[in-house]
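A.B. asks: Here is a sequence with its predicted model. Questions after.
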Amino acid sequence: MDYTPHTEEEIQAMLERVGAGSLEDLYRHLPKEVLNPEISLPEPLPEWAVLEELKRLAGKNKPAFKAFLGGGVRSHHTPPVVQALASRGEFLTAYTPYQPEVSQGVLQATFEYQTMVAELAGLEVANASLYDGATALAEGVLLALRETGRMRVLVSQGVHPEYREVLRSYLEAVGVELITLPLEGGRTPSGEVPERVGAVVAQNPNFLGALEDLAPLAEAAHRVGALFVAVADPLSLGVLEPPGAYGADIAVGDGQTLGLPMGFGGPHFGYLATKKAFVRQIPGRLVSETVDAEGKRGFILTLQAREQYIRRAKAKSNITTNAQLTALMGAMYLAALGPEGLKEVALKSVAMAHRLWELLLEIPGVEPFTPEPFFNEFVLRLPQKPQAVREALAARGFHAATPVPGEYGENLALFATTELHREEDLLALRAAMREVLA
Amino acid sequence: MSYPLIFERSRPGRRGLRLVQEVPEATRYIPEQFLRKDPPRLPEVDELTLVRHYTGLSRRQVGVDTTFYPLGSCTMKYNPKLHEEAVRLFADLHPYQDPKTVQGALALMWQLAEYLKALTGMDAITLEPAAGAHGELTGILIIRAYHEDRGEGKQRRLVLVPDSAHGSNPATASMAGYQVKEVPSGADGEVDLEALKRELGPHVAAIMLTNPNTLGLFERRILEISRLAKEAGVQLYYDGANLNAILGWARPGDMGFDVVHLNLHKTFTVPHGGGGPGSGPVGVKAHLAPYLPVPTVERGEEGFYLSFDRPKSIGRVRSFYGNFLALVRAWAYIRTLGLEGLKKAAALSVLNARYLKELLKEKGYRVPYEGPCMHEFVAQPPQGFRALDIAKGLLELGFHPPTVYFPLIVKEALMVEPTETESKETLEAFAEAMGELLQKPKEWLEGAPYTTPVRRLDEVRANKYPKLTYFDQV
């Protein structure tokens, strides 16, 4: 089957009108050498059979609902009200709002999103979303380098390793030097920042889950004329001091924790908030309030001279697609929960993490690694390889023990909790861990 | 009356979702110094208010589900509903769970990569890039790594881009640290071969081409272009934004392209949700495979696995494995249509465009490039009419306008892409409306639209005094 409406008679009539004898005829001006290649694809299936095949594939996965896995993605509750509203065809099947008169839905929702993100980050403005946390970090750092005109970046080892890898891919291309600041005792040291550094990057809570006091590092960055870029889980900002309050010039992160499905890693969305002074350096889309011809309030894409379709090679970024729909889901989640609800979800996740920490440390051979205080994730040193532990736990129906890259130490595994976990879930994980490590 | 903001519906103490029953004391776990002093000013609404707010917003928004949306180069075809059910089957997977527990997801990724390789004629693929432009960046970084590996990195500093190219092409090349040079189009709308020859040389790293190009024309001299590129050691990059016109009929790999990105949200019907998310897999020929980003999905004796073993890789371009749920939708589309269905879709996208082009010509619109168009074409309103006014007039008549003022090389351009999922009568109704606009008084056109949720907006004010958040004091 396909999704085309044409009847055979209509096709014939249209072909006649355009002076073609057949559908093949529409391609007769292509070079003969490349026309009609042999392509091997499976035979088409009726709708139910496609779904059946997808169910068969899905059956080979073990869903990670209530997973104890962390590292940038967590098993939070996705509210049905968010799913239902975001699934409306008008939102789902729209494009970039180039015609604002018929795109006020997306434009206003985005304006509201920008407001919520700026509020969470404690900064003045926010971009209308980026692909994910890692690329948002890369764009944030490039923004800082444009602003300072410098070519060196200092990044804490506490920043998610995958985010640092993406940052390296982006920076190497334009010849920027990336210096890593190693963690000391699980936290970022706040010493001197080398000269000519344009951006200093740290994450709070850091990749190991530890809370960091980043104000001294932000000050050190500012002393040498660098901008400070903070990576922060937006959910944590329902409770924690916002990046703007401890001196961040730019805050970035990934929105998955705001009630988005884990989706095996995507799509999620990246957020980026900064000061209004840097607004002309922001990558991607921005929505502004304005008025229409009758003086009525309306919303429109603005400062488009920063963007690739006007500035081309001189654009601030090549980004055209963002993550509007998933960002909309994040905004709906924030609106559904409000400041109290957000705080409650974050605190429950934190409380469960601390309880799990106590329980797992009772197991012989398990040692603490993340220093206290920590937030809703923590790292333990296991007496065995974390990959093997994760696999053995999975065989018992638990998704836990994210292997931590070797750069932080040997046999380390990350654990995370969310509002979905109950005491009995934690006890069950402890029992399974005991078995696995026995 | 203007539509209220969610913040204006907010009342202190009003509550929506309560996901937590017993709320823990913050200071029991977190020292005071780390705690937020002022709560974020998020909206406080109940669930029904939330539902009415966003339902109301959705009614102030058009999409393919509500309106013909012939946005050239953006490919707004119908998004099958099956796909939305499909993604729910895979929503609850964590990227760091044990690979043995995601064999179905990895199998789907592996299969999709095989399908896309077959459809593009490429040897290896990455599914990691999150969007078309992100795929472009990935592709250019791969080309860059290749030249560097061969010791030509310092010498090859230039990327050639036709003057009709998407803006993302020059922006991408620039992000990858390259200088950009535009190559003019000839009178026929295709790349000026002589001009291209003059620019080619050992200082050029890549040529970025869209084929069909942004005028909707197939570059008929593509085999000659790829031969010239090869002789000059230049890598040929295929911008897949327009692949939907030739899908199944011809493959970039057979035309001599070294790298190709795909826009799954265009060619493979993944919904684009107001501008995203998308997905931009990148296929390469064998000589570039060592530079693909990690991880890749491989098939071993014990099943599928994620491989990080690629010493010359450009690294990562995104966290985790890309926009996986977009991949599920593309997989479903390919399995539903099969090769014959895909070819039919491509051919009907071309037929719809050619048919609509004829209708618009009859109504008085000009088509500056007369060559056989593929899935889209560029038209111009008659002398004295502005493309912008035509677009705004269309809004009043209930249609989403075509892309306006692109490509930049055509004055007052209206770039029309009907796609294959629109019926003959829709095309005819659209052409009628386009014709009707030329009969309207000038003042009517300049004042349109009249009955949309808002009238023409003050863009200058937004640029001069941007108000970017509800709390922003302009």
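C.D. replies: Alright, I've got the coordinates. Numbers count the residues shown, from 1 in each chain, chains lettered A, B, ... in the order given.

A.B. asks: Report how many residues lie close to the residue in the stretch 151-300 of chain B that chain A sits nearest to.
C.D. replies: Using Cβ to the nearest Cβ, the closest approach of the stretch 151-300 of chain B to chain A is made by B:Gly273 at 2.6 Å. C-betas here are computed from N, CA, C, even on glycine. When counting by other Cβ atoms under 10 Å in any protein chain shown, one arrives at 28 neighbours for B:Gly273.

A.B. asks: Let me see the contact set for it.
C.D. replies: Under the criterion of Cβ atoms under 8 Å, 6 or more residues apart in numbering or on different chains, the contact list for B:Gly273 reads A:91-94, A:324-326, A:328.

A.B. asks: Thought A:Gly122 was touching A:Thr274, still the case?
C.D. replies: No: between A:Thr274 and A:Gly122 there is no contact, the gap being 11.2 Å when judged by Cβ atoms under 8 Å.

A.B. asks: Which neighbours do these two have in common?
C.D. replies: With contacts taken as Cβ under 8 Å, 6+ apart, the residues that reach both A:Thr274 and A:Gly122 are A:Ala251.

A.B. asks: could you give me the average pLDDT of the one helix or strand B:Leu337 maps to?
C.D. replies: Here B:Leu337 sits within helix B:324-363, counting by DSSP states H and E. If you average the pLDDT over helix B:324-363, you get 98.

A.B. asks: so what's A:Phe111 scoring on pLDDT?
C.D. replies: A:Phe111 is assigned a pLDDT of 98 by the prediction.

A.B. asks: Around it, count how many other residues there are.
C.D. replies: Around A:Phe111 there are 25 other residues, counting by other Cβ under 10 Å.

A.B. asks: how about the nearest residue to it, chain neighbours excluded?
C.D. replies: A:Val287 (4.7 Å; Cβ to Cβ, 6 or more residues apart in numbering or on different chains).

A.B. asks: Could you do A:Glu212 as well?
C.D. replies: If the residues on either side of it in the chain are set aside, A:Glu212 comes closest to A:Asn204, at 4.5 Å by Cβ to Cβ, 6+ apart.

A.B. asks: Any residue of the helix or strand A:Val252 falls within touching chain B?
C.D. replies: Following DSSP H and E, one finds A:Val252 within strand A:250-254. Yes: judged by Cβ under 8 Å from any Cβ of the partner chain, strand A:250-254 comes into contact with chain B at A:Asp254.

A.B. asks: now stretch A:154-170
C.D. replies: Yes: contact check for stretch A:154-170 against chain B, using Cβ under 8 Å from any Cβ: residues in range are A:160, A:162-163, A:165-166, A:168-170.

A.B. asks: ok so, going back, tell me which other helices or strands the very next helix or strand once past the helix holding B:Leu337 touches.
C.D. replies: Remark: after helix B:324-363, the chain's next helix or strand is strand B:377-379, criterion DSSP H and E. Packing partners of strand B:377-379 (3 or more Cβ pairs under 8 Å, 6 or more residues apart in numbering or on different chains; DSSP states H and E): helix B:324-363, strand B:414-416.

A.B. asks: same question for strand B:377-379, mean pLDDT?
C.D. replies: What strand B:377-379 shows for mean pLDDT is 98.

A.B. asks: Please state the offset of it from the chain centre?
C.D. replies: What separates the centre of strand B:377-379 from the centre of its chain is 19 Å, taken as Cα atoms, centre = their mean, to the nearest Å.

A.B. asks: in the host helix or strand of A:Ala221, what's buried?
C.D. replies: A:Ala221 is located in helix A:215-223, with elements delineated by DSSP H and E. Taking 16 or more other Cβ atoms under 10 Å in any protein chain shown as the basis for neighbour counts, the residues of helix A:215-223 that come out buried are A:215, A:217-218, A:220-221.

A.B. asks: and what of stretch A:357-377?
C.D. replies: Within stretch A:357-377, the residues that count as buried by 16+ other Cβ under 10 Å are A:357, A:359-360, A:363, A:366, A:369-371, A:373-377.

A.B. asks: wait, A:Pro267 sits on B:Arg329?
C.D. replies: No: under the contact definition of Cβ under 8 Å, A:Pro267 does not touch B:Arg329, with a separation of 10.8 Å.

A.B. asks: the more surrounded of the two?
C.D. replies: Neighbours per residue (other Cβ under 10 Å) separate A:Pro267 from B:Arg329, with A:Pro267 holding more: 27 against 24.

A.B. asks: circling back to that earlier point, which one's more surrounded, A:Thr274 and A:Gly122?
C.D. replies: A:Thr274 (29 against 22).

A.B. asks: which one is that one nearest to, not counting chain neighbours?
C.D. replies: Counting by Cβ to Cβ, 6+ apart, A:Thr274 lies nearest to A:Ile250, which is 4.6 Å off, once chain neighbours are set aside.

A.B. asks: give me the number of residues near that neighbour?
C.D. replies: Residue crowding around A:Ile250 was assessed by other Cβ under 10 Å; the count is 30.

A.B. asks: do B:Arg227 as well
C.D. replies: Residues near B:Arg227, counting by other Cβ under 10 Å, number 12.
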